[in-house]
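Visitor: Just a sequence and a predicted model for now, questions to come.
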Amino acid sequence: MSEKTITINNPSGLHARPAALLVKEASNFKSAIKLVKNGKEVDAKSLLGVMSLAAKQNDQITVRAEGEDAEAAVNHIAAFLEQLSEA
């Protein structure tokens with residue numbers, strides 16, 4: 001298992017459009033990818049799950065993956081979320 005914690009810096013948080021893009025990115029990996037916020041864990045490949053986190057600016061999100069490409073998945077999804085922070 002691999003994991004990494006990042007802080008959402010995007011003033012809009014993880015709203016509908018970036019959440020959909022995140023799900024699309026996560027779906028490219030074979031590993032099971034989870035996002036965790038305040039103890040709530042959701043499937044990063046589920047739009048409803050990602051939206052249910054209601055991640056806002058300054059929230060900390062942990063990206064966790066388990067499977068054959070777990071490390072690559074965590075690094076890619078964390079980088080994707082950090083890129084959103086710069087937008």
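Guide: Done, it's in.
Visitor: Residues in contact with stretch 71-81: which ones?
Guide: 2-4, 6, 8, 14, 21-22, 25-26, 29, 31, 33, 44, 61, 63-65, 67 (C-beta atoms under 8 Å, 6 or more residues apart in numbering). The C-beta positions use only the backbone N, C-alpha and C, and glycine is treated the same way.
Visitor: Out of these, list just those in strands.
Guide: Using DSSP state E, the members of the contacts of stretch 71-81 that fall within strands are Ser2, Glu3, Lys4, Ile6, Ile33, Ile61, Val63, Arg64, Ala65.
Visitor: Which two of the residues you listed have the greatest separation?
Guide: Using C-beta to C-beta, these span at most 14.7 Å, a distance reached by Ser2 and Ile61.
Visitor: So for those two, which residue has more residues nearby?
Guide: Shown here are Ser2 and Ile61; by other C-beta atoms under 10 Å, Ile61 has more neighbours (22 against 18).
Visitor: so where's this structure uncertain?
Guide: 85-87 (pLDDT under 70).
Visitor: Specify the residue positioned farthest from the middle of it.
Guide: Note on the chain: the largest C-alpha distance from the chain mean falls to Glu68, namely 18.2 Å (C-alpha atoms, centre = their mean).
Visitor: residues near the residue nearest to that one when sequence neighbours are not counted, how many?
Guide: Using C-beta to C-beta, 6 or more residues apart in numbering and skipping the chain neighbours, the partner closest in space to Glu68 is Lys30 (5.7 Å). With neighbours defined by other C-beta under 10 Å, the count for Lys30 comes to 12.
Visitor: distance between stretch 38-45 and the chain's centre?
Guide: 8 Å (C-alpha atoms, centre = their mean, to the nearest Å).
Visitor: And for stretch 61-74?
Guide: Relative to where its chain is centred, stretch 61-74 has its mean C-alpha point 10 Å off (C-alpha atoms, centre = their mean).
Visitor: So which bits of that stretch are buried?
Guide: Of the residues in stretch 61-74, those scored as buried under the neighbour-count criterion (16 or more other C-beta atoms under 10 Å) are Ile61, Val63, Arg64, Ala65, Ala70, Ala73, Val74.
Visitor: What separation do you get for the residue nearest to Glu68 and Ala72?
Guide: When C-beta to C-beta, to the nearest Å is the yardstick, Lys30 and Ala72 sit 10 Å from each other.
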